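**Q** Quick one, what's the 3D model for this:
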Amino acid sequence: MAQKQYPYWLIPLLFILMLIDTHLGNALSSLSGNAYIWNAHLVMITFLWMVYRLPKIPTLCLALGIGLLTDCYYLGIVGIYAVSLPLMVWLLYILHTTIYQNLYTMFFALVIFLTGYELLIFVIQVLFKLTATDTVFFISRYLAPTLLLNIILFFGLLFPYKKLFK
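**A** As a prediction, this is how the structure comes out:
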């Protein structure tokens, strides 16, 4: 049986989605007068679909590469996204192998892993004193809008990603 070729077109797609994530989040935050911080995770939603269809090692390497690019491009500090993104993708692979996959489990995996992803990033930033945000602000003004936005994006991308990752 011939091995299926990895879709290398995902590399530029994930790079473009990484850029869209930040611009979409900044635009929505500006619309709310920066009272709420919206953070789109199109890259994480794409990795969620990739985990269900593609092999582990190349996808983890791609997650590490996108994490490094995100760190270099947005933070200038290598380590936060380079650690958290591959860790979340690896945990998605563990979930994928233990739980029956369908649309409902993908949706709940999205909510759980986005919460874990944001919490991991928040904890790393607090430990290294990169932010001085309190937990009430984090949950009410950052995590809640982020989850709402990404749930909407998940359902908006449902049909295109079903066709793309069939």
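**Q** For residue 86, see how far away the spatially most central residue of the chain is.
**A** In the chain, the residue lying closest to the centroid (CA atoms, centre = their mean) is residue 44, at 2.4 Å. According to CB to CB, to the nearest Å, residue 44 stands 12 Å off from residue 86. C-beta: built from backbone N, CA, C; applies to glycine.
**Q** Show me where this structure dips below the pLDDT cut-off.
**A** 1-4 (pLDDT under 70).
**Q** just the helices in it please.
**A** 10-31, 42-51, 56-70, 80-98, 103-127, 135-137, 144-156, 158-164 (DSSP state H).
**Q** Tell me which of these sits most buried.
**A** Highest mean neighbour count among these (mean count of other CB atoms under 10 Å): helix 42-51, with a mean of 23.
**Q** Now it - C-alpha only, PDB.
**A** In PDB, the C-alpha atoms belonging to helix 42-51 read as follows (Å, rounded to 0.1, in the frame of the first residue of the first chain):
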ATOM      1  CA  LEU A  42      -7.800  29.700  12.900                       C
ATOM      2  CA  VAL A  43      -4.400  27.900  13.100                       C
ATOM      3  CA  MET A  44      -5.600  25.800  16.000                       C
ATOM      4  CA  ILE A  45      -8.900  25.000  14.300                       C
ATOM      5  CA  THR A  46      -6.900  23.900  11.200                       C
ATOM      6  CA  PHE A  47      -4.700  21.700  13.400                       C
ATOM      7  CA  LEU A  48      -7.700  20.200  14.900                       C
ATOM      8  CA  TRP A  49      -8.900  19.000  11.500                       C
ATOM      9  CA  MET A  50      -5.300  18.000  10.500                       C
ATOM     10  CA  VAL A  51      -5.000  15.700  13.500                       C
END
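**Q** Nice, that's everything, thank you.
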